[in-house]
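1. give me a 3D structure for the following:
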Amino acid sequence: MKTTAKVYIAGHTGMVGSALFRKLQHEGFTNVIIRSSKELDLRNQKDVDHFFNAEKPDYVFLAAAKVGGIMANDTYKAEFLYQNLMIQTNVIHSAYLHDVKKLMFLGSSCIYPKFAPQPLKEEYLLTGILEPTNEPYAIAKICGIKMCDAYRSQYGCNFISVMPTSLYGPNDHYDLENSHVIPAMFRKIIYAKKNGIPEVMIWGSGKPKREFMHVDDLASACYYLMNTYNEHGVVNVGVGDDIAILDLMHLVAKVVGYEGRIVHDLSKPDGTPRKLMDVSVLSSRGWSPDIPLEVGLRNVYEEVKDLWAEKKNTI
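-> Numbering: from 1, shown residues only. Below is the predicted model:
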């Protein structure tokens, strides 16, 4: 991509989209197109088509999505399925209609089967049942991958699909109902420390393992792949290492300086036992992450440490 190319970031206010926006600005791009959800409802096919017809972007990063943690996914199944299907279908089809040079679809590691061998290789897609707690979101993302492949096969579109591991970093969601694991931990532990609460609760056993990547590393990988990768199917993006959820909570407590107890709510689900991405395809192409987990967590803490001191919280 030339720095003068017209680049549209769908979902620029979200965690991934905002990281992509920062990356493009850092690289000197001068023609980045952004629209808030109030300005452009990506669920509306007519509006999306009008936008693409008017702006005619050269490149598209499709990072817009309805996202959330286990509770949100399990509670709002219809919304996760409907909204994500509409967003990605409208953007991908309009990119085809209006001759976008290249589109990158951002998926999720939850596309892989619940009990797939570890680490997760790209070839494991559609080889087993999904994790029930986020099945609607995963199905929507799988549809996006297959749609990109279908448009590549039938129309010759250069549409690629990137599957990030679990992410954290700036512009994450910190409400306890809809947040991912790391922001939920930070919110609980910061609040507990500031209010002298002697214990915080963790969902389930804490034994499941997860891989976490700082979103700025993801943006770096996406930029690299947009410039170098032009194949069908999916390519994994991750760090190649994972950590047990309980150990992660202890690490967040260490970063925050919280010395209280961690207790388990065993009535809550654990989710998928392990989700470690095989990143050999990306690594073989010469890209690797820069931000170690503890360094990234400390950066996050510096951003949010003054929040939630007096607000009512659920621990």
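2. ok, now which ones touch Pro170?
-> When contacts are counted by Cβ atoms under 8 Å, 6 or more residues apart in numbering, Pro170 touches 15, 18-19, 215-216, 300, 303. For every residue, glycine as well, the C-beta is placed using N, CA and C.
3. am I right that Met147 is in a strand?
-> No: counting by DSSP: H, G, I helix; E, B strand; the rest coil, Met147 falls outside a strand, being helix.
4. next, count neighbours for it.
-> If you count neighbours by other Cβ atoms under 10 Å, Met147 ends up with 19.
5. so it sits against Ile87, correct?
-> No: here Met147 lies out of contact with Ile87, judged by Cβ atoms under 8 Å, at a distance of 11.7 Å.
6. just the buried subset of the contacts of Pro170, please.
-> Among the contacts of Pro170, those classed as buried by neighbour count (16 or more other Cβ atoms under 10 Å) are 15, 18-19, 215-216, 300.
7. can you lay out those residues as CSV showing pLDDT, distance to Glu231 and secondary structure?
-> As requested, the buried ones among the contacts of Pro170 are arranged in CSV below (pLDDT from 0 to 100; distance: Cβ to Cβ, whole Å; DSSP: H, G, I helix; E, B strand; the rest coil):
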residue, pLDDT, distance to Glu231, secondary structure
Met15, 94, 26, helix
Ser18, 97, 27, helix
Ala19, 98, 23, helix
Val215, 98, 24, helix
Asp216, 98, 25, helix
Val300, 95, 33, helix
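8. and which of the contacts of Pro170 is nearest to Pro136?
-> Checking these against Pro136 by Cβ to Cβ gives Met15 as the nearest, at 20.2 Å.
9. how about the nearest residue to that closest one, chain neighbours excluded?
-> Closest residue to Met15 in three dimensions, ignoring its sequence neighbours and counting by Cβ to Cβ, 6 or more residues apart in numbering: Asn171, at 4.6 Å.
10. equivalent analysis for His232, please.
-> In space, His232 comes closest to Asp149 once its chain neighbours are excluded; the distance is 4.9 Å by Cβ to Cβ, 6+ apart.
11. which residues sit in contact with that neighbour?
-> When contacts are counted by Cβ under 8 Å, 6+ apart, Asp149 touches 159, 161, 232-233.
12. now do Asn90
-> Residues counted as contacts of Asn90 (Cβ under 8 Å, 6+ apart) are 42-45, 48-49.
13. which element, helix or strand, includes it?
-> Using DSSP states H and E, Asn90 falls within helix 77-97.
14. low-confidence ranges, this structure, go.
-> Across the chain, the stretches falling below the confidence threshold (pLDDT under 70) are 69, 176-179, 308-315.
15. centre of it to the edge, which residue is at the far end?
-> Among the C-alpha atoms of the chain, the one farthest from their average position, using Cα atoms, centre = their mean, is that of Gly196, at 32.9 Å.
16. ok but that residue is inside a strand, no?
-> No: when the secondary structure is assigned by three-state DSSP, Gly196 falls in coil instead of a strand.
17. which parts of this structure are helices?
-> Residue ranges of the helices in the chain, as given by DSSP state H, are 15-26, 45-55, 70-75, 77-97, 135-155, 181-194, 215-228, 245-256, 280-284, 293-304.
18. what's the distance between the residue nearest to His232 and Asp175?
-> With distances defined as Cβ to Cβ, to the nearest Å, the gap from Asp149 to Asp175 amounts to 35 Å.
19. center of this structure, which residue is that?
-> The chain, centroid-nearest residue using Cα atoms, centre = their mean: Leu167 at 5.5 Å.
20. not counting its neighbours along the chain, what's nearest that residue?
-> Val215 (4.9 Å).
21. and the residue nearest to Arg35 when sequence neighbours are not counted, how close does it get to Ala221?
-> For Arg35, the nearest residue in space outside its immediate sequence neighbours is Phe51; the separation is 6.9 Å by Cβ to Cβ, 6+ apart. Remark: distance between Phe51 and Ala221 (Cβ to Cβ) = 27 Å.
22. repeat for Ser280
-> Taking Cβ to Cβ as the measure, Ser280 falls 14 Å from Ala221.
23. please say which of the two ends up with more neighbours.
-> Ala221 (25 against 13).
24. can I get the buried ones among the contacts of Pro170 in a markdown table with distance to Gln118?
-> A markdown table is the format used below for these (distance: Cβ to Cβ, whole Å):
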| residue | distance to Gln118 |
| --- | --- |
| Met15 | 25 |
| Ser18 | 31 |
| Ala19 | 27 |
| Val215 | 23 |
| Asp216 | 26 |
| Val300 | 26 |
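25. make sure Asn230 is actually in contact with Phe159.
-> No: under the criterion of Cβ under 8 Å, Asn230 lies out of contact with Phe159, with a separation of 9.8 Å.
26. got any residues that touch both of those two?
-> Between them, Asn230 and Phe159 have Lys102 as joint contacts when contacts are counted by Cβ under 8 Å, 6+ apart.
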